[in-house]
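Asker: Fold the following, please.
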Amino acid sequence: MIRFNFKISKSRKYLLIAGAILLVLALVYRFLPVIEDFLPREEEISLKQRHIAKYQRIVNEKGAVEARLAALGKSVKELERGLLRGKTPALAAADIQKILHKLAEKSKVEIKRVRVLKVVELGQGDYLGVPVQLNINAGIRQLKEILYRIEASPKYLTVKKMKIKVLSRRRTKKGKINADITVFGYLKREKGR
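Answerer: Numbering: from 1, shown residues only. Predicted coordinates:
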């Protein structure tokens, strides 16, 4: 076995120890940011814990959300009963005309003509607006009554536009007016269209 005999003086020992300590401190100073990146910080840990708690709450609310979705679906089905039943817009327009004739008969209003207008696409989902223009001669009270009956109909009917003209006294009885009323009914579009 080979032995090396190095004799180092005390002053050199202290110098070597001080150099080694300085080298270790320099390495720690240089590589400390890299080491800190590998170790999780307290803020990151608390942030991740909050995220986990939030996701846990969302998972726990699943049953309530499903129940609310079922209730909303039931509510939509119930509200869709007020829509027109025709499979096509033409059949829905015929349904509106039938309803308007019944309402006019109840209100004692004379219908001059009924005209089906072009179907309007609504921006909300799968629904169409089916407009029908109605020309009537009536008194003010009868006009008020038919407008009320249209709005109170079990089917969703709305008056979108109305033009009123007072008829001359020479041609008709006192207090008669002619009105063009545009009534909209609503229809759910078939899935295949």
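Asker: Asn135: what secondary structure?
Answerer: strand (DSSP: H, G, I helix; E, B strand; the rest coil).
Asker: To which secondary structure element type does the residue lying closest to Gln133 once chain neighbours are set aside belong?
Answerer: Leaving aside its chain neighbours, Gln133 sits nearest to Arg115 (4.5 Å; criterion: Cβ to Cβ, 6 or more residues apart in numbering). The C-beta positions use only the backbone N, C-alpha and C, and glycine is treated the same way. Following three-state DSSP, the label given to Arg115 is strand.
Asker: cool, Lys112 as well?
Answerer: strand.
Asker: returning to that earlier point: for the residue nearest to Gln133, what are its contacts?
Answerer: Shown in contact with Arg115 (Cβ atoms under 8 Å, 6 or more residues apart in numbering): Val132, Gln133, Asn135.
Asker: Roughly how far does the spatially closest residue to the first one that is not a sequence neighbour sit from Thr158?
Answerer: This points to Val132. Closest residue in space to Val132, ignoring its immediate chain neighbours: Ile96 at 4.7 Å, by Cβ to Cβ, 6+ apart. When distance is defined by Cβ to Cβ, to the nearest Å, Ile96 is 11 Å away from Thr158.
Asker: Mind giving me the packing neighbours of the biggest helix by length in the chain?
Answerer: Among the segments of the chain that qualify as a helix by DSSP state H, the longest is helix 10-38. Applying 3 or more Cβ pairs under 8 Å, 6 or more residues apart in numbering; DSSP states H and E, we find helix 10-38 packed against no helix or strand.
Asker: Downstream of that helix, the next helix or strand is which one?
Answerer: helix 42-60 (DSSP states H and E).
Asker: could you give me the average pLDDT of that following helix?
Answerer: The pLDDT scores in helix 42-60 average 87.
Asker: Which of the helices or strands spans Lys160?
Answerer: According to DSSP H and E, Lys160 maps onto strand 157-166.
Asker: Pull that strand out as CSV, backbone CA atoms only.
Answerer: The C-alpha coordinates for strand 157-166 follow below in CSV (Å, rounded to 0.1, in the frame of the first residue of the first chain):
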residue,chain,number,x,y,z
LEU,A,157,-100.6,34.0,-28.7
THR,A,158,-99.3,37.6,-28.7
VAL,A,159,-100.4,40.7,-30.6
LYS,A,160,-97.2,42.0,-32.3
LYS,A,161,-98.7,44.7,-34.5
MET,A,162,-102.0,46.6,-34.8
LYS,A,163,-103.3,49.3,-37.1
ILE,A,164,-106.6,51.0,-36.3
LYS,A,165,-108.7,53.1,-38.6
VAL,A,166,-112.0,54.8,-37.7
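Asker: Sheet partners, orientation included, of it?
Answerer: strand 176-188 (antiparallel) (DSSP bridges).
Asker: which parts of the partner strand are buried?
Answerer: Using 16 or more other Cβ atoms under 10 Å as the test for burial, strand 176-188 gives Lys176, Ile177, Asn178, Ala179, Asp180, Ile181, Thr182, Val183, Phe184, Gly185, Tyr186, Leu187.
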